[in-house]
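S.K.: kindly return the folded structure for what I paste below:
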Amino acid sequence: MSTQPLIEWTENGAARSARWCSEAGLPPPARVMIASDEITADAAYRLGCEGTAMLWRGDFQNARQLLRALARRAHRSDARQWSGIGERAAASPAEVFNLHRMTRARRARTLAMLLLPFAADHRVELPRAPDVREACAQVHGPGNGPYVASLRELLGLISAYEWRRTGVEIPALDARIHPHYGVFSPVRNEYVDLVFHAPLPAALAPRSTQRAFDIGTGTGVLAAVLARRGVERIVATDNDRRALACARENVARLGVAARVDVVQSDLYPEGRAALAVCNPPWVPARPSSPLERGIYDPDSRMLRGFLDGLAAHLIPGGEGWLILSDLAEHLGLRTRAWLLAAMEAAQLKILGRTEITPWHPRSADRTDPLHAARRAERTSLWRLATA
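M.R.: Okay, here's the model as predicted:
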């Protein structure tokens, strides 16, 4: 935490400062005032919308109630904006997507304006505050002096801590995967099921001498699925330190660490394999924070990298498995023609494609601005080989 910027404010007539901590990558607010239990939700919402942060000195549980009240006001404001859009001429899917992201970013900035003081050991120094030291230490590491962070981010850390503790049930493994903070969680099991059921390439035999690559392993879930299917040697790569630690922990917990070698690499490791699996972020847009890197792939960088490097990393008869949703196509951000052209340019041929209809709560939420795209979404496993 030593490289963190400072947040500054005036309290009781004296200038104060502390380290600023934001896992979302938000800069420290320029304007900070002291707030406590007496402030009203309307006043706090106006301050947040204006960009004035409130460093809380009251009761912790009252701060949580205030944040919920701010969220309700932000929701009503968003609903009015989307109602106005509905009254105008129909916007394109891409325009709706971009406006949706802008609305969410503005909402996040406003709700992040409620700040908490933390001690060097990650204790929240407020009445009735829960013990969040372990949840914070898992993300921030050892303490290095007092700091200030937003209540909204703290609640995200607590939620991630519970996900990591309890895990996510993966039917294909008959076990749980435990995601770390900031690592994409496999809550949508359809892509895991695709890898579980796809026929393994003949080039993997004999499996004791051939290996598979899991490119961008994240939690390690797909590497674990391959190991459970009998693949003896798997190299799982990632370039994110949290993902690497998460994958190593999961494959060890599942008893497949002897088969899975987790290594740091931007994409491919050295050498060739009989199978290379990749589940890149599905939406070609720029992440607005480090926590969105598992969702957004700027300019389809990872997708392009996987396709362009595949032929050079397969043994004769080997296959590449690309797991990809067509959500971006329904949002008008990428076309099927573009994807097929990228495969052809990489000198790849399509051996087959298995498609599955995903189900998640937002696909049934008609109030979601992206409902039409989510309802039409399909997830595919493309089996690719060198042309």
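S.K.: show me the contacts for Pro281.
M.R.: Shown in contact with Pro281 (CB atoms under 8 Å, 6 or more residues apart in numbering): Phe184, Arg293, Gly294, Ile295, Tyr296, Asp297, Met302. (C-beta placed from N, C-alpha, C; glycine too.)
S.K.: spatially nearest residue to it (excluding sequence neighbours)?
M.R.: Among residues not flanking Pro281 along the chain, Asp297 sits closest, at 3.9 Å (CB to CB, 6 or more residues apart in numbering).
S.K.: pretty sure that neighbour contacts Asn279?
M.R.: No - in this structure Asp297 lies outside contact range of Asn279 using CB atoms under 8 Å: 11.0 Å.
S.K.: among these two, which residue is more densely surrounded?
M.R.: Comparing Asp297 with Asn279 by other CB atoms under 10 Å, the one with more neighbours is Asn279, at 28 against 23.
S.K.: so the more buried one makes contact with Leu222?
M.R.: Yes - using CB under 8 Å, Asn279 is in contact with Leu222, at 6.4 Å.
S.K.: can you tell me how far Gln210 sits from Ile234?
M.R.: For Gln210, the distance to Ile234 equals 11 Å [CB to CB, to the nearest Å].
S.K.: quick one: which of those two has more around it?
M.R.: Ile234 (26 against 20).
S.K.: helix or strand for Ile34, which one?
M.R.: Assessed by DSSP states H and E, Ile34 sits inside strand 31-35.
S.K.: list the strands paired with that strand, with their directions.
M.R.: In the sheet, strand 31-35 lines up against strand 52-56 (parallel) (DSSP bridges).
S.K.: tally of neighbours for Arg73?
M.R.: 18.
S.K.: that one belongs to a helix?
M.R.: Yes - under DSSP: H, G, I helix; E, B strand; the rest coil, Arg73 sits within a helix.
S.K.: show me what contacts it?
M.R.: Counted by CB under 8 Å, 6+ apart, Arg73 has contacts Ala41, Asp42, Tyr45.
S.K.: now for this protein: which strand has the highest residue count?
M.R.: strand 314-325 (DSSP state E).
S.K.: now do it: everything it contacts.
M.R.: Applying CB under 8 Å, 6+ apart, the contact partners of strand 314-325 are 191, 194-195, 198, 201-203, 210, 272-280, 282, 303, 306-307, 310, 339, 348, 351, 358, 377-386.
S.K.: show residues contacting the next helix or strand along the chain from that strand.
M.R.: Next helix or strand after strand 314-325 toward the C-terminus (DSSP H and E): helix 327-330. With CB under 8 Å, 6+ apart as the test, helix 327-330 has contacts from Pro93, Trp282, Val283, Pro284, Arg334, Thr335, Arg336, Ala372, Ala373, Arg374, Ala376, Glu377.
S.K.: could you dump the residues you listed into TSV with pLDDT and distance to Ala149 added?
M.R.: Putting the contacts of helix 327-330 into TSV (pLDDT from 0 to 100; distance: CB to CB, whole Å) gives the following:
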residue	pLDDT	distance to Ala149
Pro93	89	36
Trp282	90	30
Val283	93	28
Pro284	93	31
Arg334	95	36
Thr335	96	41
Arg336	97	43
Ala372	87	37
Ala373	89	34
Arg374	89	32
Ala376	91	39
Glu377	93	35
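S.K.: and of those, the nearest to Ala14?
M.R.: Val283 (46.9 Å; CB to CB).
S.K.: for Arg286, give me the pLDDT.
M.R.: Looking at Arg286, its pLDDT is 89.
S.K.: which residue packs closest to it, ignoring adjacent ones?
M.R.: Here the residue nearest Arg286, using CB to CB, 6+ apart, is Pro298, at 4.6 Å.
S.K.: could you report the neighbour count for that neighbour?
M.R.: 13.
S.K.: hmm, Val283 and it touching each other?
M.R.: No - the criterion here is CB under 8 Å, and Pro298 misses it with Val283 at 9.8 Å.
S.K.: how about the helices in this structure?
M.R.: Under the criterion DSSP state H, the chain contains helices at 41-50, 60-87, 93-111, 133-140, 151-166, 190-197, 221-228, 241-253, 301-310, 327-330, 336-345, 371-376.
S.K.: quick one: which of the ones you listed is nearest Asp214?
M.R.: Asp214 lies closest to helix 221-228 among the helices of the chain, at 4.2 Å (CB to CB).
S.K.: just checking, what packs against the closest one?
M.R.: Using 3 or more CB pairs under 8 Å, 6 or more residues apart in numbering; DSSP states H and E, the elements in contact with helix 221-228 are helix 190-197, strand 211-215, strand 233-238, helix 241-253, strand 260-264, strand 273-278.
S.K.: I'm done for today, thanks for sticking with me.
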